[in-house]
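Peer 1: Okay, predicted coordinates and the sequence, questions at the end:
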Amino acid sequence: MAIRGFWRTDGRDFADDSFAMWTPIAQGPPRQGQLVRADVLEATLVSYASDWDAITSPGEAGAFGTVERRWSRAGGQLARAQLLEIRSTQTFHYHGPHLDTLLRIHPTDGRAPFDVRRSMTVPMNYLALLHRTKQLVVRMGPRGRSYDIDWERTNLLAGTSPAVVISPHGHVFTLTGRADLLLTLMRLLASHAVDHLSHMLDLRNQDPAVAARVMDAIQRAPGL
């Protein structure tokens, strides 16, 4: 049996005390089933300990991220944000809970940080990430009016997956946990509209001009 979703009627949320369930009425093949209503008789609130679930849950692999061409050409920026507050709501979408958050945005143009409130659906496979880090990567709209969390880049920034750069000559740089440098590289790639859906950036397959700028940033970083 599997819960498929909640029903709403007359403005009431059945999630308060009941839910819709798909249950089999005959074993297949072919399998047959029906939708039934089930009442909640007992429920237990499960909390997540930062030193347990967040570590054991694998989540999604981090990446240097995708770039939407129109956003990049119009002047969109990647910025760092701090998660100051997170509150649960009674709404749960198919792919994750809907949460109320307070973010502190650190603009890239030198302006003072500012706070924004956002209501958002957090994908289930990224919930554990919020137990590991409060530092997020956000995609700022060209006019600074929209702020969307970039979960893949945030995962890489948090060090939950390895971050690797291979130089044009084949030298391997492990940058896991180097948040400032990784954000610099993410911004550089985004400014050149470079998509990279992996935690490993192989500069042997990149434009030489972009590769040169990436290597310059790495060589300037302390400790490398």
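Peer 2: Now that the structure is in, tell me what you want to look at.

Peer 1: now the residue most central in space within the chain: how far from Asp109?
Peer 2: With distances taken as CA atoms, centre = their mean, the residue of the chain nearest its centroid is Trp151 (1.6 Å). Distance from Trp151 to Asp109, counting by CB to CB, to the nearest Å: 24 Å. C-beta coordinates here come from the backbone N, C-alpha and C atoms, glycine included.

Peer 1: again, but for His171
Peer 2: Distance, His171 to Asp109, using CB to CB: 33 Å.

Peer 1: Which one's more surrounded, the two?
Peer 2: Taking neighbours as other CB atoms under 10 Å, His171 and Asp109 compare with His171 leading, 11 against 8.

Peer 1: Tell me if I'm right that Pro113 and Ala81 touch.
Peer 2: No. Pro113 is beyond contact range of Ala81, at 9.0 Å (criterion: CB atoms under 8 Å).

Peer 1: ok, the two, which is more surrounded?
Peer 2: Under the criterion of other CB under 10 Å, the comparison of Pro113 against Ala81 puts Ala81 first, with 24 against 13.

Peer 1: so which strand or helix has that one?
Peer 2: strand 77-93 (DSSP states H and E).

Peer 1: again, but for Ser72
Peer 2: Per DSSP H and E: helix 69-73 holds Ser72.

Peer 1: Name the residues that touch that helix?
Peer 2: With contact meaning CB atoms under 8 Å, 6 or more residues apart in numbering, helix 69-73 is reached by Arg139, Gly141, Pro142, Ala190, Ser191, Ala193.

Peer 1: Just the buried ones from those, in PyMOL syntax?
Peer 2: Remark: buried members of those, expressed as a PyMOL selection using 16 or more other CB atoms under 10 Å:
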select buried, resi 139+190+191
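
Peer 1: Which one of the contacts of helix 69-73 is nearest to Leu182?
Peer 2: Nearest to Leu182 out of those is Ala190 (CB to CB; 12.4 Å).

Peer 1: so that closest one touches Val67, yeah?
Peer 2: Yes. Under the criterion of CB under 8 Å, Ala190 makes contact with Val67 at 5.2 Å.

Peer 1: show me where pLDDT drops low in this protein?
Peer 2: Within the chain, the stretches with pLDDT under 70 are 1-60.

Peer 1: Do you have the helices of it handy? List them.
Peer 2: Shown for the chain, the helices assigned by DSSP state H span residues 53-56, 69-73, 129-132, 151-158, 179-191, 208-220.

Peer 1: Please identify the most buried of these.
Peer 2: Of these, the one with the most neighbours on average (mean count of other CB atoms under 10 Å) is helix 151-158, at a mean of 24.

Peer 1: what does that helix rub up against?
Peer 2: Applying CB under 8 Å, 6+ apart, the set of residues contacting helix 151-158 is 59-66, 78, 123, 126, 129, 132-133, 135-137, 161, 163, 179, 182-183, 186, 197, 199.

Peer 1: closest to Arg117 out of the helices of the chain?
Peer 2: helix 129-132 (16.5 Å).

Peer 1: got the buried residues for stretch 93-107?
Peer 2: Buried-residue list, stretch 93-107, by 16+ other CB under 10 Å: Pro97, Leu99, Thr101, Leu103, Arg104, Ile105.
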